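Undergrad: only the shape, not the letters, is given here:
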Ligand SMILES: NC(=O)c1ccc[n+]([C@@H]2O[C@H](COP(=O)([O-])OP(=O)(O)OC[C@H]3O[C@@H](n4cnc5c(N)ncnc54)[C@H](OP(=O)(O)O)[C@@H]3O)[C@@H](O)[C@H]2O)c1
C-alpha cells in the first residue's frame with residue numbers, strides 16, 4: 001500500500017513545514033517518522049514525528065521508504081541525496097544548486113540502483129514545469145524555453161518599476177519582507193535562475209550542462225536611469241533565463257532583458273515566476289505561478305510524494321543527445337549604459353559595432369556574441385557598465401528605428 005511508505009525529512013524550515021501541512025490536511029501525518037534538523041535548541045511547532053539532529057548514522061536509514069531532502073546547504077545535501085539513492089531509496093529534493101551541479105551523476109546513481117529521484121520543488125516553485133517537460137514534451141521537439149525563474153530578483157525589479165526606488169533600497173525592502181536572503185548573491189546575481197535553467201535544459205533538450213559553462217549576468221548594476229529608459233519606451237526589464245536550440249546548437253544564458261508587452265513575461269510581477277516554451281507543433285505555451293514560499297513549494301514536494309506512491313519516475317526520454325553542441329557563438333543585442341565618468345573609447349569595442357541611442361553618448365546598442373561578452377565582462381564590470389539584453393531583433397530594430405527618428409526617449 002502506497003500510503004504505508006514511511007517518510008523522513010531532512011530539514012524542517014520554510015519548505016518542509018509547507019510539505020508537512022499537506023501531509024496533515026490529507027491525513028498522512030503518521031507517515032512522517034523522523035525529521036532531521038540542525039539546531040536542537042530552536043523552538044518549533046509540535047509535530048508527531050521524532051525530531052533528531054544530524055549525525056552519521058542518520059544517513060542511509062534503511063527503515064524509511066522515502067527521503068525528503070529540504071535543507072539549506074547544497075554541500076551537506078549531496079551526501080543525503082547520493083547515499084540514499086545508492087541504497088535504492090526514493091528521494092525527493094528541492095535543492096536546485098545540488099541538482100544542477102551534480103545532475104548527470106545523480107541520474108546515473110538513480111538508474112544503477114533502481115532508486116527514484118524527483119525534484120519538482122527545485123524549479124519555479126508551484127509551476128509543475130519539470131513534469132510538463134518530462135511528460136508532455138518527451139515527444140515534442142522544443143525550440144526554446146525561457147522565463148523568469150527567480151522570485152526575489154523579480155520582486156526587486158517590480159519594486160524598481162513601481163516605486164521609483166534604487167536597487168539597494170529595493171533589496172533591503174525585499175530582505176525585510178523575506179523575499180530575499182541575507183546573502184542575496186545567488187538570487188540577484190542570476191545563479192539561482194541559472195541552476196534552474198540547467199535542470200530545465202536536461203529535460204527540455206536532453207543535454208546536461210554544468211553551471212560554469214553558462215554566462216549569467218545579474219540585476220545588481222541596473223540603475224534608476226535604466227528603469228526610466230525602459231519605462232519611457234513602454235518596456236520592462238526582467239531577469240530572463242533562456243535555452244534555445246538552432247540546428248544542433250544549444251545556447252544558454254541568464255541576462256537582465258528588455259522586453260515589450262508582446263512578451264507574456266511582461267506581466268509576471270513580484271514573487272511570481274513565468275515559463276514560456278516554444279515548439280513547432282504546439283506553438284507557444286505559457287505557465288505562471290508563485291515561484292517560492294512555504295505552501296507553493298510544499299505543495300509540489302507533496303505532489304512528488306504522491307508521484308512516488310504511484311511509482312512514477314522521470315523518463316529522461318531526451319537524455320544523451322550526443323549531436324547537440326553547447327554554443328555561445330550566437331549574436332544577441334545588448335543595451336550598454338555608461339556612468340558619468342566613463343567614455344565610449346574605454347569600452348574597447350569597434351565603434352562600427354556600437355549604435356548610439358542618446359545625445360550624450362552614454363547609451364548604446366551593440367550586437368555581440370556571448371563569447372565576446374565573456375571576453376569583455378571584466379572590463380565592463382571594472383567600468384561599472386550596465387548590460388541589459390534586448391529580447392529579440394524585432395525590439396532591437398524598433399529601438400534603433402525610433403532613435404533614428406528621435407522617438408526613443410532618453411534619460
Ligand atoms: N524557501 C523557498 O521558497 C524555496 C523554494 C524552492 C526551493 N527551495 C529549496 O528548498 C530547500 C530548503 O529551503 P528552505 O527555505 O526550507 O530552508 P530553511 O527555511 O532555511 O530551512 C532549512 C532547514 O534545514 C535544516 N538544516 C540545515 N542544515 C542541516 C543539516 N546539515 N542536517 C539537517 N538539517 C539541516 C535547518 O535546521 P534548523 O531548523 O535546525 O535550523 C532547517 O530546518 C533549499 O534547498 C532551497 O533552495 C526553497
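TA: The structure has been received and is ready for your questions. All values derive from a computational prediction rather than experimental measurement.
Undergrad: C-alpha only now, for contacts and for neighbours.
TA: Noted.
Undergrad: and for residue 63, the neighbour number?
TA: 10 (other CA atoms under 10 Å).
Undergrad: and the gap between it and the ligand?
TA: 18 Å (CA to the nearest ligand atom, to the nearest Å).
Undergrad: what pLDDT is listed against that residue?
TA: Reading off the confidence values, residue 63 has pLDDT 82.
Undergrad: where does it land in three-state SS?
TA: Assigned by DSSP: H, G, I helix; E, B strand; the rest coil, the conformation of residue 63 is coil.
Undergrad: who touches the residue in the stretch 101-250 of the chain positioned nearest to the ligand in this structure?
TA: The stretch 101-250 of the chain approaches the ligand most closely through residue 122 (4.8 Å), counting by CA to the nearest ligand atom. Contacts for residue 122 (CA atoms under 8 Å, 6 or more residues apart in numbering) come out as 93-96, 196.
Undergrad: burial count for the residue of the stretch 301-411 of the chain found nearest the ligand?
TA: Evaluated by CA to the nearest ligand atom, the stretch 301-411 of the chain has residue 301 as its residue closest to the ligand, separated by 9.4 Å. Look at residue 301: counted by other CA under 10 Å, it has 31 neighbours.
Undergrad: and the one 10 residues further on, by the same measure?
TA: The number of residues packed near residue 311 is 11, by other CA under 10 Å.
Undergrad: one more: residue 337?
TA: Per other CA under 10 Å, the neighbour tally for residue 337 reads 22.
Undergrad: circling back to that earlier point, the residue of the stretch 301-411 of the chain closest to the ligand is in contact with residue 121, isn't it?
TA: Yes. At 5.5 Å, residue 301 counts as touching residue 121 under the criterion of CA atoms under 8 Å.
Undergrad: can you pull the contacts of the residue nearest to residue 231 when sequence neighbours are not counted?
TA: With sequence-adjacent residues excluded and distances taken as CA to CA, 6 or more residues apart in numbering, residue 231 is closest to residue 161, at 7.6 Å. Contacts for residue 161 (CA under 8 Å, 6+ apart) come out as 227, 231, 236.
Undergrad: now, of those residues, which are buried?
TA: Those of those that meet the buried threshold are 227, 236, by 16 or more other CA atoms under 10 Å.
Undergrad: where does the spatially most central residue of the chain land in three-state SS?
TA: With distances taken as CA atoms, centre = their mean, residue 193 lies nearest the centre of the chain, 2.5 Å away. Following three-state DSSP, the label given to residue 193 is helix.
Undergrad: contacting residues for it?
TA: By CA under 8 Å, 6+ apart, the residues touching residue 193 are 148-150, 187, 241, 254.
Undergrad: follow-up on the earlier one: export the contacts of residue 161 as a markdown table, with columns for pLDDT, secondary structure and distance to the ligand.
TA: Shown next, in a markdown table, are the contacts of residue 161 (pLDDT from 0 to 100; DSSP: H, G, I helix; E, B strand; the rest coil; distance: CA to the nearest ligand atom, whole Å):
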| residue | pLDDT | secondary structure | distance to the ligand |
| --- | --- | --- | --- |
| 227 | 95 | helix | 27 |
| 231 | 95 | helix | 30 |
| 236 | 98 | strand | 25 |
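Undergrad: out of the contacts of residue 161, the closest to residue 387 would be?
TA: Minimum distance to residue 387 across the contacts of residue 161 is 12.6 Å, recorded for residue 227 (CA to CA).
Undergrad: show me what contacts the closest residue to residue 290 other than its chain neighbours?
TA: Closest residue in space to residue 290, ignoring its immediate chain neighbours: residue 272 at 4.4 Å, by CA to CA, 6+ apart. With contact taken as CA under 8 Å, 6+ apart, residue 272 is in contact with 151, 154-155, 288-292.
Undergrad: and residue 354, by the same measure?
TA: 364-367.
Undergrad: if you set the cut-off to 10 Å instead, what comes out?
TA: In this structure, residue 354 makes contact with 334-336, 344, 363-368, judged by CA atoms under 10 Å, 6 or more residues apart in numbering.
Undergrad: pLDDT below threshold where in the stretch 101-250 of the chain?
TA: Counting by pLDDT under 70, the stretch 101-250 of the chain shows no low-confidence range.
Undergrad: for it, what lies in contact range of the ligand?
TA: 121-122, 125 (CA under 6 Å from any ligand atom).
Undergrad: quick one: these as JSON lines, columns for secondary structure and distance to residue 205 too.
TA: Listed next are these as JSON lines, based on DSSP: H, G, I helix; E, B strand; the rest coil; distance: CA to CA, whole Å:
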{"residue": "121", "secondary structure": "helix", "distance to residue 205": "20"}
{"residue": "122", "secondary structure": "helix", "distance to residue 205": "18"}
{"residue": "125", "secondary structure": "coil", "distance to residue 205": "21"}
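Undergrad: ok, the residue nearest to the centre of the chain to residue 270 distance?
TA: From residue 193 over to residue 270 the distance is 15 Å, taken as CA to CA, to the nearest Å.
Undergrad: state the number of residues packed around residue 366.
TA: 23.
Undergrad: contacts only, for it.
TA: Counted by CA under 10 Å, 6+ apart, residue 366 has contacts 331-336, 349-356, 389-390, 396.
Undergrad: now it: closest residue in space, sequence neighbours ignored.
TA: In this structure, residue 366 finds its nearest non-sequential neighbour in residue 354, 4.9 Å apart by CA to CA, 6+ apart.
Undergrad: look at that neighbour and report its pLDDT.
TA: 86.
Undergrad: next one: residue 411
TA: For residue 411, the pLDDT comes out at 56.
Undergrad: over to residue 60?
TA: 65.
Undergrad: wait, doesn't residue 245 sit right on residue 323?
TA: No. Between residue 245 and residue 323 there is no contact under CA atoms under 10 Å: 11.8 Å.
Undergrad: who's more crowded, these two?
TA: Neighbour comparison, residue 245 and residue 323: the larger count goes to residue 245, with 19 against 10 (by other CA under 10 Å).
Undergrad: specify the local secondary structure of the more buried one.
TA: Assignment for residue 245 (three-state DSSP): strand.
Undergrad: in a strand, residue 240, correct?
TA: Yes. Per three-state DSSP, residue 240 lies within a strand segment.
Undergrad: and the strands in the stretch 51-200 of the chain, which stretches?
TA: Here the stretch 51-200 of the chain has its strands, by DSSP state E, counting those that start in this stretch, at 66-69, 90-93, 116-118, 142-148.
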